[in-house]
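> give me a model of this one.
(2 chains)
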Amino acid sequence: MKEQIEKLINEALKNLGIEDVSFSVEHPEDFKNGDYSTNVAMVCAKQQKTNPRELAEKMALELKGLPKQGFGDIEKIETAGAGFINFYLSREFFTESVSEILDKGDKWGKNKILEGKKVMVEYTDPNPFKPFHIGHLMANAIGESVSRIVEFSGAKTIRANYQGDVGPHVAKAIYHLIKLGYPTTDNGLSYLALSLAIGDSYAQGNNEYEINDEAKKEIESINKQIYNYINKSGECDEKIKEYYDWGRKATLEAFEEIYKLLGTKFDYYFFESVMAPIGEKIVRENVGKIFEESDRAIIFHGENYDKKLHTRVFINSQGLPTYETKEIGLTTTKFEKENPDISIVTTAIEQAEYMKVVQKAISLMHPDLESRMKHITHGMMRLSTGKMSSRKGNVITGESLLRDSMDIVFEKVKDRELSNEEKKRISQIVGVAALKYSILRSSLGSDIVYDFEKSISFDGDSGPYLQYTAVRANSILAKSQMSRQGLDNGEIPENIIDLEKLLYQFPEVVERSYSLLEPHHIATYLTELASSFNTFYGNTQILVDENKYMAYHLNLIKAFVQTMKNGLWLLGIEVPDRM
RNA sequence: GCCCUUGUAGUUAAAUGGAUAUAACUGCGGACUUCUAAGCCGUUAUUGCAGGUUCGAUUCCUGCCGAGGGCACCA
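Numbers count the residues shown, from 1 in each chain, chains lettered A, B, ... in the order given. Predicted structure coming up:
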């Protein structure tokens, strides 16, 4: 439709002898200003030496005079404000778009921007032996949504997770676990409970490392032995091997339980232990070309290529690869294994500067990859008391946050006439939605100060609000089928319902969300859509004999439910049957 | 010091250079013995400060102020 209006305007411009202008066509915020609006008159006014208002009138007249083939959907053209030309779409257009939604069903809103392309999205990236905290929850919600948006744009989507299974953090946790004599046999605890104990040991071990010289030495020794164990390059104490295997498995299994709850399924799990040697080989091969030696370390001078970049160490003076080198191994591996057209990585903003340097180094080796690597960053979850740090142990774990959120929902439904099984399922779906929506409702970028009361909402602008609205709509549909009401053909209302004016915009919102890689546009749109439905619902009795539009209203509700379902899917949120 | 991100009602957020800056929360008030009240309706703005570009700036540019992050061997 937008393209048609643009075509129409271009034709009018040609007739008026105006050339070479760039104008925009957009949806006005207020429906009273039409369904589409253009600023073309205001853009040309100066060049034409007239005032925008007059020019708009002239253009509107010209537009109205044009032959209407193919533009039958435009019912009315008016000028308003400072010189806007507003287009009003016809009843038929909206009636058509409702049936289009019903025809397309689960495919409604998809586009073909990425057809035939492959996109890999890396997100979440928790580390074994460390807690899964809200930051990971944030990255997961965003990454999962981006993956689905990309998928809806026609790409084959590959989900990847990158996890640090080696390094000082592992040694610190193991040091404390051994000191505690924590059993590595089956002790009846769930993986989630075990992972919490391990995460706690990590914080304790870190504390010891900082205040106790002996512990520090011991931890460094454990760290080295773990490297030996993994690379089969030297000796490693049997006890350390045992704790390593057990702790790695326990934390990874715990993460898996959380992913299941959140609705994420990864295609690839990459580990730092595997990426380190791959990256190291590449870096060493390029010493003298891209990297250079300095103070016994191997470094990369980013500022030589772009003055906004800086120098980073890739292999430290002890000959060990740093995170930068592992990242090179990871990126190279991704392109070797899957060769995606686009590789997207989601992390917190603290990694933004460092990633630019690493990507520059990779681009120097593989110029063709430069435009295919994308890094999207989100703000950090912080506590009102300051930065959260799993080293200090003052993190909110993802597990506890999910549990709290689900508990609140359970409390709300506990008096309903539902089975316990159903109540649990609702708590899960709604609790997860509350959390995800609170993350996805705002644009990426600024930090979020964590406050349970504020960060999770169940009314107003919230995930449960969207779910609740969809559930109510569904319940009307179910009731109409039971009583077989509204199945006869009825009349189509003459007036256009506000809800209809929003529904057809869904595919545009999806496209915009993709091109900006910002899921919050979908969240904002769905909230507006739901609010519009609730107004309609409040003012209209659907299932009554006097409603001669019942059949049309039911179709409209079906289209609404379909749009909500598809939109919520893009946010990684399910719609429960009841709530 | 240099670089990146960021600053919008009391609070949390929205707004591809457009019309009267949009919502939610909180407070106060209201409707409905109708399909789920997690809902609906009503009621508050010097967009951090100062300039600039533009017919038009929350949005772009410059400077200043505040917050967070990065800047050689953590990830």
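
> the helix or strand encompassing A:Ile408 close to RNA strand B?
Element membership for A:Ile408 (DSSP states H and E) is helix A:398-413. Yes: using CB under 7 Å from any atom of the strand, helix A:398-413 reaches RNA strand B at A:409, A:412-413. All C-beta spots, glycine's among them, are computed from the backbone N, C-alpha and C.

> quick one: buried ones out of these?
The neighbour count (16 or more other CB atoms under 10 Å) marks A:409, A:412-413 as buried among these.

> what does the stretch 451-579 of chain A put close to RNA strand B?
So the stretch 451-579 of chain A meets RNA strand B at A:454, A:457-462, A:464-465, A:468-469, A:471-472, A:475-476, A:479, A:512, A:518, A:520-521, A:524, A:527, A:531, A:534-535, A:537-543, A:578-579 (CB under 7 Å from any atom of the strand).

> same check on the stretch 101-250 of chain A?
Within the stretch 101-250 of chain A, the residues that sit near RNA strand B (CB under 7 Å from any atom of the strand) are A:127, A:164, A:167-169.

> and the two most separated of those residues?
A:Asn127 and A:Pro168 (11.0 Å; CB to CB).

> and those two? Which one has more around it.
A:Asn127 (23 against 15; other CB atoms under 10 Å).

> quick one: contacts for the more buried one?
By CB atoms under 8 Å, 6 or more residues apart in numbering, A:Asn127 lies in contact with A:163-165, A:169.

> just A:Lys387 next, same as before
A:Met380.

> residues contacting stretch A:250-268, please?
By CB under 8 Å, 6+ apart, stretch A:250-268 touches A:120, A:124, A:126, A:128-130, A:132, A:137, A:140-141, A:144, A:158-161, A:163, A:190-192, A:194-195, A:198-199, A:337, A:398-399, A:402, A:428, A:432, A:436, A:572, A:574.

> please flag which of those residues sit within strands.
In this view, those that belong to strands under DSSP state E are A:120, A:158-161, A:163.

> and the residues you listed as CSV, adding pLDDT and distance to A:Phe506?
Rendered in CSV, the data for those read as follows (pLDDT from 0 to 100; distance: CB to CB, whole Å):
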residue, pLDDT, distance to A:Phe506
A:Met120, 98, 26
A:Ile158, 98, 26
A:Arg159, 98, 24
A:Ala160, 98, 29
A:Asn161, 97, 30
A:Gln163, 95, 36
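
> closest to RNA strand B among those residues?
Closest approach between those and RNA strand B, by CB to the nearest atom of the strand: A:Gln163, at 8.9 Å.

> before we move on, back to that, which of the contacts of stretch A:250-268 are buried, as a PyMOL select command?
Applying 16+ other CB under 10 Å to these, the buried members can be selected in PyMOL as follows:
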select buried, chain A and resi 120+124+126+128+129+130+132+137+140+141+144+158+159+160+161+163+191+192+194+195+198+199+398+399+402+428+432+436+572+574
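
> take the contacts of stretch A:250-268 and keep only those in helices.
A:137, A:140-141, A:144, A:191-192, A:194-195, A:198-199, A:337, A:398-399, A:402, A:428, A:432, A:436 (DSSP state H).

> show me what counts as buried in stretch A:291-298.
By 16+ other CB under 10 Å, the buried positions in stretch A:291-298 come out as A:291, A:297-298.

> who touches that stretch?
A:283-284, A:287, A:299-301, A:313-317, A:361.

> can we see that at 7 Å?
A:283, A:287, A:299-300, A:313-317 (CB atoms under 7 Å, 6 or more residues apart in numbering).

> for it, measure first residue to last.
Stretch A:291-298 has an end-to-end distance of 6 Å (CA to CA, to the nearest Å).

> got the contact list for A:Ala82?
Taking CB under 7 Å, 6+ apart as the test, what A:Ala82 contacts is A:42, A:52.

> let's see 10 Å
A:39, A:41-42, A:45, A:51-53, A:56 (CB atoms under 10 Å, 6 or more residues apart in numbering).

> least confident secondary structure element in chain A?
Taking mean pLDDT, DSSP states H and E as the measure, strand A:386-387 is the helix or strand of chain A with the lowest mean score, a mean of 68.

> can you map out the helices along the stretch 151-300 of chain A?
Using DSSP state H, counting those that start in this stretch, the helices assigned to the stretch 151-300 of chain A run over residues A:168-180, A:191-211, A:213-231, A:238-262, A:272-285.

> ok, the residue nearest the centre of chain A - contacts?
The centroid of chain A falls nearest to A:Ile142 when counting by CA atoms, centre = their mean (2.7 Å). A:Ile142 makes contact with A:121, A:123-124, A:346-347, A:376-378, A:436, A:439-440, A:444, A:517-520, A:572, according to CB under 10 Å, 6+ apart.

> swap the cut-off to 8 Å and go again
A:123, A:346, A:376, A:378, A:439-440, A:444, A:519.

> who are the contact partners of whichever residue of the stretch 201-350 of chain A sits closest to RNA strand B?
RNA strand B sits closest to A:Asn316 of the stretch 201-350 of chain A, with a gap of 2.3 Å, by CB to the nearest atom of the strand. For A:Asn316, the contact set (CB under 8 Å, 6+ apart) comprises A:297, A:322.

> contact residues of the stretch 251-400 of chain A facing RNA strand B?
A:272, A:294-297, A:299, A:308, A:310-313, A:316-318, A:320, A:322-323, A:349-354, A:379-380, A:382, A:387.

> can you flag which of those belong to strands?
Per DSSP E, strands hold the following members of those: A:294, A:297, A:299, A:311-313, A:382, A:387.

> grab the two from these that are most spread out in space.
Longest span within those, CB to CB: A:Ser294 and A:Arg382, 34.9 Å.

> got a ChimeraX select line for the buried ones in the contacts of stretch A:291-298?
Command for ChimeraX that selects the buried part of the contacts of stretch A:291-298, burial taken from 16+ other CB under 10 Å:
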select /A:283,299,300,313,314,315
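
> for the contacts of stretch A:291-298, work out which two are farthest apart.
For these, the farthest-apart pair by CB to CB is A:Phe300 and A:Ser317; their separation is 15.1 Å.

> from A:Lys326, how far off is the closest residue to A:Ser443 other than its chain neighbours?
Nearest non-adjacent residue to A:Ser443, counting by CB to CB, 6 or more residues apart in numbering: A:His520, 5.1 Å away. Taking CB to CB, to the nearest Å as the measure, A:His520 and A:Lys326 are separated by 31 Å.

> quick check: the residue of the stretch 1-150 of chain A nearest RNA strand B.
Proximity to RNA strand B, evaluated over the stretch 1-150 of chain A using CB to the nearest atom of the strand, is greatest for A:Glu26 at 2.2 Å.

> A:Ala530 contacts A:Pro464, doesn't it?
No: counting by CB atoms under 8 Å, A:Ala530 stays clear of A:Pro464, with 10.9 Å between them.

> for the residue of the stretch 401-550 of chain A found nearest RNA strand B, helix, strand, or coil?
Closest to RNA strand B within the stretch 401-550 of chain A is A:Gly460: 2.1 Å, counting by CB to the nearest atom of the strand. What DSSP: H, G, I helix; E, B strand; the rest coil gives for A:Gly460 is coil.

> tally of neighbours for it?
9.

> angles on the backbone of it, please.
A:Gly460 adopts backbone torsions of phi 70, psi -140, taken as degrees, to the nearest 10.

> go on, A:Asn86?
Per degrees, to the nearest 10, the backbone of A:Asn86 is at phi -110, psi 140.

> count of residues packed around it?
By other CB under 10 Å, 20 other residues sit near A:Asn86.

> measure it to A:Gly65 for me?
A:Asn86 is 17 Å from A:Gly65, by CB to CB.

> and A:Glu336, by the same measure?
Distance from A:Glu336 to A:Gly65, by CB to CB: 61 Å.

> same check on A:His169?
Distance from A:His169 to A:Gly65, by CB to CB: 72 Å.

> what segments of the stretch 451-579 of chain A are strands?
Assigned by DSSP state E, counting those that start in this stretch, the stretch 451-579 of chain A shows no strands.
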